[in-house]
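Trainee: this one's sequence-less:
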C-alpha cells in the first residue's frame with residue numbers, strides 16, 4: 001500500500017504507548033527511509049540501537065540510510081557491525 005506517512009503517524013502513537021520498544025523505532029525509521037527522510041530515519045535507528053545494541057537489522061538499515069546521504073565510511077561501519085552480529089543473515 002505504501003502509506004508511509006500514515007505508518008509514521010501510527011508509529012508515533014505506538015511510541016507514546018510503549019517508548020521502550022526498540023522495534024517501533026526501527027520501523028518508524030524504515031518508514032521515514034521510504035519517504036527519503038534519511039537523516040530523520042537515522043535518529044530513530046540510533047534510538048533503537050540505544051535500546052538494543054545487538055540488533056543487526058537496525059545496523060543494516062542505518063547503513064543504508066547513511067549510504068543514501070553519501071556518508072559511505074559510516075555506512076560501511078554499520079554494515080560491518082551487522083555482519084559481525086549476524087553473519088548468517090548478512
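Mentor: Yep, that arrived. Here the structure is a predicted model, which is why all the values come from computation and not from measurement.

Trainee: for residue 90, give its distance to residue 84.
Mentor: Using CB to CB, to the nearest Å, residue 90 is found at 9 Å from residue 84. Any C-beta I mention is one placed from the backbone N, CA and C, and that applies to glycine too.

Trainee: the more surrounded of those two?
Mentor: Taking neighbours as other CB atoms under 10 Å, residue 90 and residue 84 compare with residue 90 leading, 16 against 12.

Trainee: now residue 40. Nearest residue, chain neighbours left out?
Mentor: For residue 40, ignoring the flanking residues on the chain, the nearest one in space by CB to CB, 6 or more residues apart in numbering is residue 32 at 4.8 Å.

Trainee: need the residues that contact the helix or strand that that neighbour is a member of.
Mentor: Residue 32 is part of helix 22-34, with elements assigned from DSSP states H and E. Helix 22-34 has contacts (CB atoms under 8 Å, 6 or more residues apart in numbering) with 2, 4-5, 7-8, 11-12, 14-15, 18, 38, 40-45, 47-49, 51-52, 55, 57-58, 61-62, 64-65, 68.

Trainee: so which of those residues sit within helices?
Mentor: If you go by DSSP state H, those have 4-5, 7-8, 11-12, 14-15, 38, 40-45, 47-49, 51, 57-58, 61-62, 64-65, 68 in helices.

Trainee: now, of those residues, which are buried?
Mentor: 4, 7-8, 11, 14-15, 38, 40-42, 44-45, 47-49, 51, 57-58, 61-62, 64-65 (16 or more other CB atoms under 10 Å).

Trainee: correct me, but residue 41 touches residue 65?
Mentor: Yes - using CB atoms under 8 Å, residue 41 makes contact with residue 65 at a distance of 4.8 Å.

Trainee: distance of the residue nearest to residue 81 when sequence neighbours are not counted relative to residue 32?
Mentor: Distance criterion CB to CB, 6+ apart; nearest residue to residue 81, sequence neighbours excluded, is residue 59 at 4.5 Å. Using CB to CB, residue 59 is found at 17 Å from residue 32.
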